[in-house]
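In: how would this look folded up:
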Amino acid sequence: MGPKRPVPTPVSDPSGLKPSSRVDVVERGGRLYVNVELPGVSADEIDVRISDVLLNICAEREMLDSVVSHHTDDLFGDIIGNSKKLSDCLTLLLEAATTDASILLYGETGTGKELFARAIHKNSPRAQGNFVAVDCTVLPETIVGSILFGHEKGSFTGADKTCEGLIRQAHCGTLFLDEVGELSPTLQKSFLRVLQERRFRPIGNNAEVESDFRLIAATNRDLQQSVAQGQFRKDLFYRLQSYLIKLPPLRDRTDDIKILASYHVDRLCQRHGFCPKQLTPEFIRTLSLYPWPGNIRELINSLEQALFMAQQEKTLFAKNLPQHIRIQAAKAALKSRSISDAPPSKYTSENLPCLQDFRTGVFRLAEKQYLASLVRQAGQNVRQACQLSGLSRSRLYSLLKKHQIALH
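Out: Reported below is the predicted structural model:
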């Protein structure tokens, strides 16, 4: 049952009394139901009142939809999609943004952890402060202290000027530690103190400096396992994950692939000066069948390659995608089809075959269906068919001859 919307509608009475009057609009299953309590009012007047109420509700709903649509990009930036798993993450994102707790984003490489971190910052009370991103995989051990904590002029060879560290730059803003699981044990210990005290000492400085930052960390590693193996400090791990958001891999949100592909193709066309492109159903289907180990980052790179293959053509076809994507997608389609194409056999006690004959018949039928699908998926191309099936050329020809399947 949807929310109940009571709409008081007072009416006048010649007697001077004000009888109880009410129009309640109740939403159930996407439909509106009207309950009317208007003593002493004619049916015509009731019709008018109900019409006014419904018009007001429709106007309110249209205005709300317009506001939500207008502000979606402002809220989430380049986070694109409307699948259930992504929507759940966006709900957590907005909840987390209102707090000042440390947040740990967990997800595979390419799932958009930095996009989520930026969206959290943008929707937080610290949005006017700096968003400072630190890639922990490229922090050089020799100068990492200077990069994070800063240094005074002349504090070491080459320090020709005072440098404010990244932690200080995040004062009143957000510090984003990407791939935090890659921090060295020494740096883990140093950073734990910064998290606890929000104070640190720049290299060459006798006084401590404060930095009031909000921490968002991200990792593609199982930090709990790293803790168990002694590779990551338990106390730092607990400090990091006051709020945990797990980002789904792209293979678990294939419903979003079409909208993601359209969005990024439009953006890439503008960047590279290509004409707008149409995406064929075959193109989208091929994208949906590929498992995307590199997630959205790999998807964007593959779309860019497809654009350069198509150049100024107005339509993108599956043939424009990188070959390894087409091959894996075709294999997935063949596997799915070979399973679904095998019809269940029905036998009676009179014609029930022996088990060996039954196995032979089912295997022969499945093999024939597989080969027919293989030839169709490979577009009659022998080399492509061999790549998809793992068969040698001679073995492929032998099986095609056995089942009387011709290559045109």
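
In: quick one: the strands in this structure?
Out: 4-8, 22-28, 31-37, 103-106, 131-135, 150-151, 163-164, 174-178, 199-200, 209-210, 214-219, 243-246, 278-279, 315-316 (DSSP state E).

In: mean pLDDT lowest for which of the ones you listed?
Out: With a mean of 39, strand 4-8 has the lowest mean pLDDT of the strands of the chain.

In: helices of the stretch 51-200 of the chain, start to end?
Out: Using DSSP state H, counting those that start in this stretch, the helices of the stretch 51-200 of the chain run over 84-97, 113-122, 144-149, 166-169, 185-197.

In: can you redo the ones you listed as JSON lines with mean pLDDT?
Out: Output for the helices of the stretch 51-200 of the chain, formatted as JSON lines (pLDDT from 0 to 100):
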{"stretch": "helix 84-97", "mean pLDDT": "93"}
{"stretch": "helix 113-122", "mean pLDDT": "96"}
{"stretch": "helix 144-149", "mean pLDDT": "84"}
{"stretch": "helix 166-169", "mean pLDDT": "92"}
{"stretch": "helix 185-197", "mean pLDDT": "89"}
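
In: so for Asp222, which of the ones you listed sits nearest?
Out: Among the helices of the stretch 51-200 of the chain, helix 113-122 comes nearest to Asp222, with 14.8 Å by CB to CB. For glycine as for every other residue, the C-beta is placed from the backbone atoms N, C-alpha and C.

In: with distance to Asp252 as new columns, can the helices of the stretch 51-200 of the chain be given to me in a markdown table?
Out: Output for the helices of the stretch 51-200 of the chain, formatted as a markdown table (distance: least, CB to CB, whole Å):
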| stretch | distance to Asp252 |
| --- | --- |
| helix 84-97 | 6 |
| helix 113-122 | 16 |
| helix 144-149 | 35 |
| helix 166-169 | 33 |
| helix 185-197 | 31 |
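
In: right, and the ones you listed - which one's nearest Leu396?
Out: Of these, nearest to Leu396 by CB to CB is helix 84-97, at 40.1 Å.

In: for that closest one, packing partners?
Out: helix 43-76, helix 113-122, strand 243-246 (3 or more CB pairs under 8 Å, 6 or more residues apart in numbering; DSSP states H and E).

In: kindly recompute the last result at 7 Å.
Out: helix 113-122, strand 243-246 (3 or more CB pairs under 7 Å, 6 or more residues apart in numbering; DSSP states H and E).

In: mind listing what's buried in stretch 394-401?
Out: 396, 399-400 (16 or more other CB atoms under 10 Å).

In: just stretch 245-258 next, same as before
Out: Applying 16+ other CB under 10 Å to stretch 245-258 flags 245, 247-250, 253-254, 256-258 as buried.

In: now distance to Thr137 too, for those residues, in a markdown table please.
Out: Putting those into a markdown table (distance: CB to CB, whole Å) gives the following:
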| residue | distance to Thr137 |
| --- | --- |
| Ile245 | 20 |
| Leu247 | 18 |
| Pro248 | 23 |
| Pro249 | 20 |
| Leu250 | 21 |
| Arg253 | 26 |
| Thr254 | 29 |
| Asp256 | 27 |
| Ile257 | 28 |
| Lys258 | 32 |
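
In: low-confidence ranges in the stretch 251-400 of the chain?
Out: Applying pLDDT under 70 to the stretch 251-400 of the chain flags the ranges 336-353, 357.

In: and Leu175, bridged to which residues?
Out: Val132, Leu215 (DSSP bridges).

In: tally of neighbours for it?
Out: 28 (other CB atoms under 10 Å).

In: that one reaches Asn130, doesn't it?
Out: No - Leu175 sits out of contact with Asn130 when judged by CB atoms under 7 Å, with a separation of 8.8 Å.

In: per-domain residue ranges of this protein.
Out: 4-75, 84-248, 255-321, 342-408 (automatic domain parsing).

In: out of those domains, which comes closest to Ala332?
Out: domain 255-321 (4.4 Å).
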